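Visitor: Mind looking at a prediction? Sequence and model below.
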Amino acid sequence: MSTRSMSPEYKKALKNYRRSTQGKSDKAASDDWTAFRKAEKKYKAKFPPPSLDDVLDLSLLLKANNHLDNNDLVGRADVVQVEEIQCERNKRAFILPTIPGLVLLPSFLSEQEQQDLVQTALSDVARHSETNLHTHYDIPPRGLWDIYIDPASSKQLIPPKVVTEEADFASEPQGPRRLVDNPPVNVTNLAIINSVSKAPAPPSPGTSPSTASELLERLRWANLGYFYHWGTKSYDLRKTLIPIPERIQSTCKNVVRSIGWHAVWWNNDQIPGWDNETPDWQDWKRTYQPDAGIVNFYQSKDTLMGHVDRSEVSCTTPLVSISIGNSAIFLIGGQTRDVEPLPILLRSGDVIVMSGPFCRRAYHGIPKILPNTSPSKLFTDSKDNESSAYRSYLQSTRININVRQVFPRGYQFADIGLEGS
Ligand SMILES: O=C(O)CCC(=O)C(=O)O
Ligand SMILES: [Fe+2]
C-alpha cells in the first residue's frame with residue numbers, strides 16, 4: 001500500500017506501531033513462543049495486516065456464494081483436507097481428519113434465524129443474565145437494549161454499582177474474560193471445586209455513570225444456564241440457573257440433530273477420554289440437552305486468547321458455537337499450545353460444533369475480528385427504530401453464542417454430594 005492510498009487512521013496506527021517497535025526486536029521473545037502464540041501474533045498483527053491465504057474458508061465450497069457481499073474478504077478452501085458429511089435440513093457439514101470431533105457448518109443459519117438470535121441475545125439474554133457490566137453498574141431491570149432503543153430513556157445515565165460496607169467481594173477485580181488454566185473438572189474433583197468460595201468481583205472504583213449506548217459498546221459477555229464464575233473459572237452449581245432461551249436451545253438441538261454423527265466417529269471413537277470411558281455419540285441426537293452457555297460480544301479490536309473449555313464435567317458432548325455479525329479468524333489446535341493451530345474464517349450464520357475427547361480439549365481462540373464484514377442484508381426488511389438499532393449495533397459487532405452441556409446425560413447430582421438443581 002502506498003502512503004498516499006492509506007487512510008488517516010491507518011497512517012496514524014502505522015506511525016504509532018513504528019514508534020512502539022523502534023529499536024526493539026521481537027526475535028528473542030518469539031523464539032520462546034508456542035506455535036499457538038505465534039499464530040495468535042500473526043493474525044492479531046496490524047502490520048502487515050494478516051493475509052487470509054492460509055485461512056480455511058468453507059463458504060467457497062457452497063454452491064450459491066450469494067451470501068457473500070461483493071467486497072468480502074475470502075480465505076481458501078484447500079488449506080487442509082476437508083471431508084463433506086451428511087447433513088439434514090439441506091445444509092452442508094464438513095469435518096477435518098486432523099481435528100476429530102470438529103464439525104463445520106458454513107451458512108447453517110438463514111438470515112431470519114440470525115436476526116432472531118441477535119434479538120434474543122440483546123433483548124433477552126443481556127437483560128436476564130449476568131453480564132460483565134453487572135459487576136460495575138446497577139442495570140435497570142428493563143435491560144440495556146430496551147433503554148437504548150427507547151428515545152425517552154436513551155440519554156438516561158445508568159449509575160455505577162454502590163458498594164456497601166458489608167459486601168463480600170473476591171480479592172481480584174473481574175475485567176474482561178480472564179483465562180485461567182484450571183485442571184479439567186471431573187466427577188471426582190467437582191465437589192471440591194464447587195465448595196471453593198465464589199464471591200462476586202468488586203466494582204471498579206473509577207466507574208462513571210454512562211448511557212445505554214456507551215455501555216452496549218462495553219458489553220462483552222452474558223452467562224446462560226448454570227452460573228459461571230469467571231474469577232475461579234468454574235460453575236457455581238448452587239446458584240439459580242438462568243434459563244437458556246427456547247430459541248437458542250432449539251437452534252442448538254437442530255444443529256446436533258442435523259449432523260450425520262456416524263461419519264464423524266466411525267473411524268475415530270477409539271480416542272481415549274470419553275465420558276464414562278464409553279463413546280456415546282450414537283445417543284447424541286436423542287440425549288443432547290444444553291444446560292450452560294456464554295454469549296460473547298466482540299467489538300472490532302477484541303480478541304479471545306487461546307484456551308480450553310474444561311469447566312464442564314462432560315468433556316465429550318457437543319459444544320455448539322454460533323457466529324453472527326462481523327467475521328472472525330478462529331484458531332484451533334491440539335491438546336497443548338505447541339500444536340500449530342488451523343485458522344478458520346467464521347462468517348455470520350456459520351455454526352461449528354466441538355465434540356469428543358480430542359476436540360473438546362483442543363486449544364482455540366479468536367485472534368482477530370474482521371471489521372465491517374457483517375452482512376449488509378441483516379435487519380434491512382423493516383425501517384423501524386429497533387431494526388435500525390440492531391443493524392447499526394451489528395455493523396461493529398460479532399456475536400458468538402457458545403452453548404455447552406455441563407453434565408453427561410443421566411448424571412445424578414447426588415453422585416457428587418450436591419443437592420438437586
Ligand atoms: O467466539 C468464538 O467463536 C469462540 C468463543 C469461545 O471459545 C468461548 O466462549 O469459549
Ligand atoms: Fe472456548
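Guide: Thanks, I have the structure now. Ligands and ions are numbered 1, 2, ... in the order given.

Visitor: Tell me where the model's unsure across the stretch 151-300 of the chain.
Guide: 164-182, 185-200 (pLDDT under 70).

Visitor: For it, just list every one of the strands.
Guide: 221-225, 227-229, 234-236, 292-299 (DSSP state E, counting those that start in this stretch).

Visitor: Name the strands paired with the third one and say parallel or antiparallel.
Guide: It refers to strand 234-236. strand 227-229 (antiparallel) (DSSP bridges).

Visitor: Same check on the longest one?
Guide: Strand 292-299 has the following strand partners under DSSP bridges: strand 221-225 (antiparallel), strand 397-404 (antiparallel).

Visitor: Around ligand 1, which positions in this structure sit nearby?
Guide: 294, 296, 304, 309, 321, 330, 364, 366, 400, 402 (C-beta under 6 Å from any ligand atom). Bear in mind the C-beta positions are built from the backbone N, C-alpha and C, glycine included.

Visitor: Pick the one among these closest to residue 49.
Guide: Nearest to residue 49 out of the residues of the chain next to ligand 1 is residue 366 (C-beta to C-beta; 16.4 Å).

Visitor: partner residues bridging the closest one?
Guide: Bridge pairing for residue 366 - DSSP bridges - gives residue 304.

Visitor: What about it, how many residues nearby?
Guide: Residue 366 is flanked by 23 other residues according to other C-beta atoms under 10 Å.

Visitor: hang on, the earlier thing: could I get the strands of the stretch 151-300 of the chain as CSV with mean neighbour count and distance to residue 82?
Guide: As requested, those are exported to CSV (neighbours: other C-beta atoms under 10 Å; distance: least, C-beta to C-beta, whole Å):
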stretch, mean neighbour count, distance to residue 82
strand 221-225, 24, 31
strand 227-229, 21, 33
strand 234-236, 21, 34
strand 292-299, 23, 26
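
Visitor: Can you add distance to residue 313 and give those strands back as a markdown table?
Guide: Putting the strands of the stretch 151-300 of the chain into a markdown table (distance: least, C-beta to C-beta, whole Å) gives the following:
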| stretch | distance to residue 313 |
| --- | --- |
| strand 221-225 | 13 |
| strand 227-229 | 13 |
| strand 234-236 | 9 |
| strand 292-299 | 11 |
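
Visitor: Just tell me which of these ends up closest to residue 113.
Guide: Comparing these under C-beta to C-beta, the one sitting nearest is strand 292-299, at 15.4 Å.

Visitor: residues in contact with that closest one?
Guide: 121, 125-126, 129, 217, 219-226, 228, 235, 244, 248, 304, 312, 326, 328, 366, 369, 396-406 (C-beta atoms under 8 Å, 6 or more residues apart in numbering).

Visitor: Give the buried subset of those as a PyMOL selection command.
Guide: Burial among the contacts of strand 292-299 is assessed by 16 or more other C-beta atoms under 10 Å; the matching PyMOL selection reads:
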select buried, resi 121+125+126+129+219+220+221+222+223+224+225+226+228+235+244+248+304+312+326+328+366+369+396+397+398+399+400+401+402+403+404+405+406
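
Visitor: picking that back up, any idea which of the strands paired with strand 292-299 gets closest to residue 343?
Guide: Here strand 397-404 is closest among those (C-beta to C-beta), at 15.7 Å.

Visitor: Now find how far off-centre the closest one is within its chain.
Guide: 4 Å (C-alpha atoms, centre = their mean, to the nearest Å).

Visitor: List of residues touching it?
Guide: 117-118, 121, 224-225, 244, 248, 252, 290-299, 309, 312, 317, 319-328, 366, 369, 374.

Visitor: Check stretch 241-256 too.
Guide: 89, 105, 108-109, 113, 116-117, 120, 124-125, 128-130, 223-227, 284-285, 288, 290-293, 318, 320, 322, 351, 353, 401, 403, 421.

Visitor: Go again with 7 Å.
Guide: 105, 108, 113, 116-117, 120, 124-125, 128-129, 223-227, 284-285, 288, 290, 293, 318, 320, 322, 351, 353, 401, 403, 421 (C-beta atoms under 7 Å, 6 or more residues apart in numbering).

Visitor: Which residue, neighbours along the chain excluded, lies closest to residue 332?
Guide: residue 364 (4.4 Å; C-beta to C-beta, 6 or more residues apart in numbering).

Visitor: thought that neighbour was touching residue 331?
Guide: Yes - if you go by C-beta atoms under 7 Å, residue 364 and residue 331 touch, sitting 6.2 Å apart.

Visitor: Give me the common contacts of these two.
Guide: Contacts common to residue 364 and residue 331, judged by C-beta under 7 Å, 6+ apart, are residue 306.

Visitor: what pLDDT does the residue nearest to residue 41 when sequence neighbours are not counted get?
Guide: Nearest non-adjacent residue to residue 41, counting by C-beta to C-beta, 6+ apart: residue 33, 6.9 Å away. Residue 33 is assigned 95 on the pLDDT scale.

Visitor: With the one 4 residues further on instead?
Guide: What the model reports for residue 37 is a pLDDT of 97.

Visitor: Need the max-distance pair from the residues of the chain next to ligand 1.
Guide: Maximum distance among the residues of the chain next to ligand 1 (C-beta to C-beta): 15.1 Å, for 294 and 330.

Visitor: give me every residue that touches residue 86.
Guide: Here residue 86 is in contact with 260, 263 (C-beta under 7 Å, 6+ apart).

Visitor: how close does it sit to residue 206?
Guide: Going from residue 86 to residue 206 by C-beta to C-beta, to the nearest Å gives 55 Å.

Visitor: Fine by me, we can end here.
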